[in-house]
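>>> After the sequence you'll find the predicted model.
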Amino acid sequence: MSENFSSDELGLPGTTASKHRRTKLAIVGAGAVGSTIAYAALMRGAARTVALYDINTAKVEAEALDLGHGVQFMPMAEVVGSDDMAVCADADVVVITAGAKQKPGQTRIDLAEATISLISTLLPPLVQVAPNAVYLMVTNPVDIVTYAALKISGLPPAQLFGSGTVLDSSRLRYLIAQHTGVAVQNVHAYVAGEHGDSELPLWSSATIGAVPLLDWNGIGGRGLLTAAVRDQIAHEVVDSAYRIIAGKGATNYAVALASSRIIEAVINDEQRILPVSSLLDSYYGINDVCLSVPTLVGRDGAGERLQVPMSADELAGLRKSAQSLTDVARRLGY
């Protein structure tokens, strides 16, 4: 006697069942950033399984237990934590937050070197247990670390990329919204280049609603975006991380939400435009460097880069940022 099954029960592509496949997110590093990414991803229902890996056994098990106790109040998920890297096996996305802590007087180059040394021990065994995962680097200095991670892992450039200026762009949109008095969701603007001091807002392509930002006349004469105001906003975007770190020791909430947004774009194959840090090839003449430009992000990782119109000053700034990162990479032997 034969049995008839519906396409939903069989879980065929494009069916309801396939939409509810068991997705898995692995997070390497259960510190402030890693554990908050896990929390944000769980709250947003980004994955059905969230796995935390850390060499600190007590810490990672405690974080997983604490998160698990709240599952009743979230979209259904499983939370696991372990000091065994096998916990990351078969992940759809692996987020790497583990990195060296910056010591007093330590230069950016020193920090990059220490973090890359740590990544070089983590990545090869991670790729062994999760060879098909998309790898998201959230460790700073993210552009240099992402470039080195590509060399270390041998993964295709689409499969491994950095969180880049997704958070910086969110800060930019927030500040523009605050100044103009409109909802942040109606502000469309990107920060490009390095996730750091040489980053730059792409003012010439930014819009508020459907109005080009450079043509914005304010509402009732209020909230004008003069050159002086734009310069102040750009400075605050860069400076805000330093202010947060000075006040509380680390940034974790906004970077976790930004990372969760990237994770969802991958797992749900959204083809969402995000300014992630990926290896550029002939982008306005920029080659062989990881930095952020608006990029299509989906299930295969970092896809096409958008050729965003730029002013001469913006293009010069992007090239200067690229050169700065290239110089650091060469000094580190990459």
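Yep, it's here. The model shown is predicted, which means the values in this text are computed figures rather than measured ones.
>>> which SS state does Pro131 fall under?
coil (DSSP: H, G, I helix; E, B strand; the rest coil).
>>> Against Ala241, how distant is it?
Pro131 sits 34 Å away from Ala241, going by CB to CB, to the nearest Å. Bear in mind the C-beta positions are built from the backbone N, C-alpha and C, glycine included.
>>> who has more neighbours, the two?
Taking neighbours as other CB atoms under 10 Å, Pro131 and Ala241 compare with Ala241 leading, 19 against 11.
>>> From what I see, that one and Thr251 are in contact.
Yes: assessed by CB atoms under 8 Å, Ala241 is found in contact with Thr251 at 5.7 Å.
>>> Skip the chain neighbours and tell me the closest residue to the most centrally placed residue in the chain.
Taking CA atoms, centre = their mean, the centroid of the chain lies closest to Ser163, which sits 2.3 Å from it. Leaving aside its sequence neighbours, Ser163 sits nearest to Val138 (CB to CB, 6 or more residues apart in numbering; 4.8 Å).
>>> contacting residues for the one you found?
33, 37, 95-97, 162-163, 255, 259 (CB atoms under 8 Å, 6 or more residues apart in numbering).
>>> Please report the distance of it from Ala98.
9 Å.
>>> which of the contacts of Val138 tops the neighbour count?
Going by other CB under 10 Å, Gly162 tops these with 32 neighbours.
>>> ok, that one - contacts?
136-138, 142-143, 145-146, 195, 276-278, 290, 292.
>>> Output the lowest mean pLDDT helix or strand found in this protein.
helix 7-10 (a mean of 35; mean pLDDT, DSSP states H and E).
>>> okay, the contacts of Gly162 in a markdown table with pLDDT and secondary structure next?
Shown next, in a markdown table, are those (pLDDT from 0 to 100; DSSP: H, G, I helix; E, B strand; the rest coil):
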| residue | pLDDT | secondary structure |
| --- | --- | --- |
| Leu136 | 98 | strand |
| Met137 | 98 | strand |
| Val138 | 97 | coil |
| Val142 | 95 | helix |
| Asp143 | 96 | helix |
| Val145 | 96 | helix |
| Thr146 | 97 | helix |
| His195 | 93 | coil |
| Val276 | 98 | coil |
| Ser277 | 98 | strand |
| Ser278 | 98 | strand |
| Cys290 | 97 | strand |
| Ser292 | 97 | strand |
